[in-house]
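Trainee: I would like to see how this sequence folds:
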Amino acid sequence: MEDYRRQFIELYNQNITRPGADRLLKWLEGTDFFTAPASTRYHGACECGLVMHSINVYHAMMQHFFTEGDNPETFAVCALLHDLCKANFYKIGSRNVKNEATGQWEKVPFYQVADQLPYGHGEKSVYLIEHFMRLKTDEAIAIRWHMGGFDDAVRGGSFAVSDAYNRYPLAVKLHASDLIATYLMEQGTSKVENGH
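Mentor: Predicted structure coming up:
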């Protein structure tokens, strides 16, 4: 747990130096960001899953998409903060599950959504970040649309994600890095079988 926190803070402080970055990090330390899961039952549905995922997205983005002329701070902002919306977002509940080996019913923990600020996903991350520091337009667009086809607006019929990806390559790079981290790097990281 402490290792992920240390890695995140080290990457953050090395790369994100714009005005307000220190206040944002201080705010993050007052949330459950460093202990929260990344999802209720899929990738990173475990303690520290969210910070682990953020670090993995950063490494995927740097390894696969960073080229000469790209801004390291921009990549760090997008990768490390894209899921800020998940801070103070989950709570642990319990449910009864039958132990197949013993035949006994046992209480097991699971994660459920308890959203304090129902503002969407990517747009909520942008909103929270901008409480503390300014985002460049391409950063805000990338974070807003990092969910791609999984975004509720897209599933509802919005075509704005296509325009975002056509105009802002950074948005494609963040989305692809999120997929790489979720489906390739984080296989088997969920400790919970079912959830919300």
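Trainee: residue nearest the centroid of the chain?
Mentor: residue 83 (2.8 Å; Cα atoms, centre = their mean).
Trainee: That one against residue 125, yeah?
Mentor: Yes. When contacts are counted by Cβ atoms under 8 Å, residue 83 is listed as touching residue 125 (6.5 Å). (Each C-beta comes from the backbone N, C-alpha and C, glycine too.)
Trainee: Work out the gap between the top helix by length along the chain and the centre of the chain.
Mentor: The longest helix of the chain (DSSP state H) is helix 49-65. The gap between where helix 49-65 is centred and where its chain is centred comes out at 9 Å by Cα atoms, centre = their mean, to the nearest Å.
Trainee: ok, now stretch 141-154?
Mentor: With Cα atoms, centre = their mean as the basis, stretch 141-154 stands 12 Å off its chain's centre.
Trainee: so how far is the first residue of that stretch from its last?
Mentor: The first and final residues of stretch 141-154 sit 14 Å from each other (Cα to Cα, to the nearest Å).
Trainee: Buried residues, it. List them.
Mentor: Of the residues in stretch 141-154, 141-148, 151, 153-154 count as buried by neighbour count, 16 or more other Cβ atoms under 10 Å.
Trainee: Adding secondary structure, write those out as TSV.
Mentor: As requested, the buried residues of stretch 141-154 are arranged in TSV below (DSSP: H, G, I helix; E, B strand; the rest coil):
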residue	secondary structure
141	helix
142	helix
143	helix
144	helix
145	coil
146	coil
147	coil
148	helix
151	coil
153	helix
154	helix
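Trainee: Could I get those residues in a markdown table, plus columns for pLDDT and distance to residue 52?
Mentor: Compiled in a markdown table, the buried residues of stretch 141-154 are given as follows (pLDDT from 0 to 100; distance: Cβ to Cβ, whole Å):
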| residue | pLDDT | distance to residue 52 |
| --- | --- | --- |
| 141 | 96 | 25 |
| 142 | 97 | 21 |
| 143 | 97 | 19 |
| 144 | 96 | 23 |
| 145 | 93 | 23 |
| 146 | 94 | 17 |
| 147 | 87 | 18 |
| 148 | 88 | 21 |
| 151 | 83 | 22 |
| 153 | 83 | 27 |
| 154 | 81 | 26 |
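Trainee: Out of those residues, which comes closest to residue 27?
Mentor: Here the nearest of the buried residues of stretch 141-154 to residue 27, counting by Cβ to Cβ, is residue 143; it sits at 16.5 Å.
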